[in-house]
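Enquirer: fold the following and give me the result.
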Amino acid sequence: MNAEIIKKLDEHDGQLEIIARTVLGHTEKLGEHGRILGEHSRILGEHSKTLDRHTRILEDHTERLDRIEQKMDGLATKNDHQQILNAIDNLVKLSEKRDHETVALTYNLRIVDDKVEKHEKDISQIKTTLGLGQIVSG
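Expert: Here you go, the predicted structure:
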């Protein structure tokens, strides 16, 4: 009878080791996801700054073009006006492109954040189930 109990305990020890390794693997993945999330946050911050800078440049150019248009009123040809409008259109397109990139990065960042959150919950549930609330990964 004792031999059977010892055998069962040994089997459970083996299973617990497998589960503990799995939890540690998930913890490592969670750390990697956190690093990726941090990198995406940094990139998103850079894109936001770039978009702000382009917006300020666009506003400045619009003001400058308005002043030029006022000074050239009556002197500029239709072709001159069309060139100015084309330049503004190009600047607007560039600004819109940056805005779309920012939206796409934000969406991807949310996906990664959701995955990290799910992994955290999964690891917490596994630790609770195993009674491993205080395991320190290293």
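Enquirer: now whichever strand or helix holds residue 67: how far from the chain's centre is it?
Expert: Using DSSP states H and E, residue 67 falls within helix 2-72. Helix 2-72 sits 5 Å away from the centroid of its parent chain (C-alpha atoms, centre = their mean, to the nearest Å).
Enquirer: give me the below-cutoff pLDDT ranges for this structure.
Expert: 74, 76, 133-138 (pLDDT under 70).
Enquirer: excluding chain neighbours, what is closest to the most centrally placed residue in it?
Expert: In the chain, the residue lying closest to the centroid (C-alpha atoms, centre = their mean) is residue 109, at 2.6 Å. Closest residue in space to residue 109, ignoring its immediate chain neighbours: residue 40 at 4.7 Å, by C-beta to C-beta, 6 or more residues apart in numbering. All C-beta atoms are positioned from the backbone trio N, CA, C, and that covers glycine.
Enquirer: wait, that neighbour sits on residue 112?
Expert: Yes - under the criterion of C-beta atoms under 8 Å, residue 40 makes contact with residue 112 at 6.2 Å.
Enquirer: returning to that earlier point: residues contacting the residue nearest to residue 109?
Expert: Listed by C-beta atoms under 8 Å, 6 or more residues apart in numbering, the contact set of residue 40 reads 105, 108-109, 112.
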